[in-house]
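> got a sequence here, can you model it:
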Amino acid sequence: TTGQTVLMGRKTWDSLPSAFKPLPNRLNLVMTRNSDWHAPGALAVSSLEMAQELHHQHCSQHPQDKLSSTPAIWVIGGAQVYAQTLSKAQSVEMTEIDLEVNADAFAPLLGQEWREIHREEHTSSKGVSFRFLTFNRF
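Below is the predicted model:
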């Protein structure tokens, strides 16, 4: 997502290590219901429409930035933001990790309108299998 716009929920923002806030070389948009929320390097948004507006505004004001080369907004979490934006997405980039973890939030399941178009298998240095998957809406 380097050089692009990322959209995340406030809990996802809070989960990022301090050293990575804001995510460097990206327009960081944080969706929150709290109109008083702000953080250095991030812009608060209350809706997907507001995120799109800020993204397009930034691209038109900074045509030399890499951000202007793509109209895409990368939704990077969490579960509520995924659920709110999935119906507008044309593609999904997913990482599956073969690891059991305790979790309290889950991405929505993809419906029959989604088709896997790419798969890349990997193994971490600690022996954990994972894969990068790309789905397109059909």
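> contacts, neighbours, all on C-alpha from now
OK.
> tell me what the closest residue to residue 47 other than its chain neighbours is bridged to.
Excluding its sequence neighbours, the residue lying closest to residue 47 (C-alpha to C-alpha, 6 or more residues apart in numbering) is residue 31, at 6.7 Å. For residue 31, the beta-bridge partners under DSSP bridges are residue 9, residue 45.
> would you check that residue 31 makes contact with residue 6?
No. Taking contacts as C-alpha atoms under 8 Å, residue 31 lies outside contact range of residue 6: 10.6 Å.
> comparing the two, which residue is more hemmed in?
Neighbours of residue 31 and residue 6, each counted by other C-alpha atoms under 10 Å, are more numerous for residue 31; the result is 26 against 21.
> need the contact list for that one.
7, 8, 9, 10, 44, 45, 46, 47, 81 (C-alpha atoms under 8 Å, 6 or more residues apart in numbering).
> got a ChimeraX select line for the buried ones in those residues?
Listed next is the ChimeraX selection for buried residues among these, using 16 or more other C-alpha atoms under 10 Å:
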select :7,8,9,10,44,45,47,81
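> with distance to residue 53 added, can I get the contacts of residue 31 in CSV?
Formatted as CSV, these follow (distance: C-alpha to C-alpha, whole Å):
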residue, distance to residue 53
7, 12
8, 15
9, 17
10, 19
44, 12
45, 10
46, 12
47, 10
81, 17
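> output the contacts of residue 31 in JSON lines, with pLDDT appended to each entry.
Listed next are the contacts of residue 31 as JSON lines, based on pLDDT from 0 to 100:
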{"residue": "7", "pLDDT": "98"}
{"residue": "8", "pLDDT": "98"}
{"residue": "9", "pLDDT": "97"}
{"residue": "10", "pLDDT": "97"}
{"residue": "44", "pLDDT": "98"}
{"residue": "45", "pLDDT": "98"}
{"residue": "46", "pLDDT": "96"}
{"residue": "47", "pLDDT": "95"}
{"residue": "81", "pLDDT": "96"}
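> ok, how many other residues are close to residue 91?
Applying other C-alpha under 10 Å, we find 16 residues neighbouring residue 91.
> return the distance of the residue lying closest to it once chain neighbours are set aside relative to residue 83.
Of all residues not flanking residue 91 in the chain, residue 136 sits nearest, at 4.4 Å (C-alpha to C-alpha, 6+ apart). Look at residue 136 and residue 83: by C-alpha to C-alpha, to the nearest Å, they are 17 Å apart.
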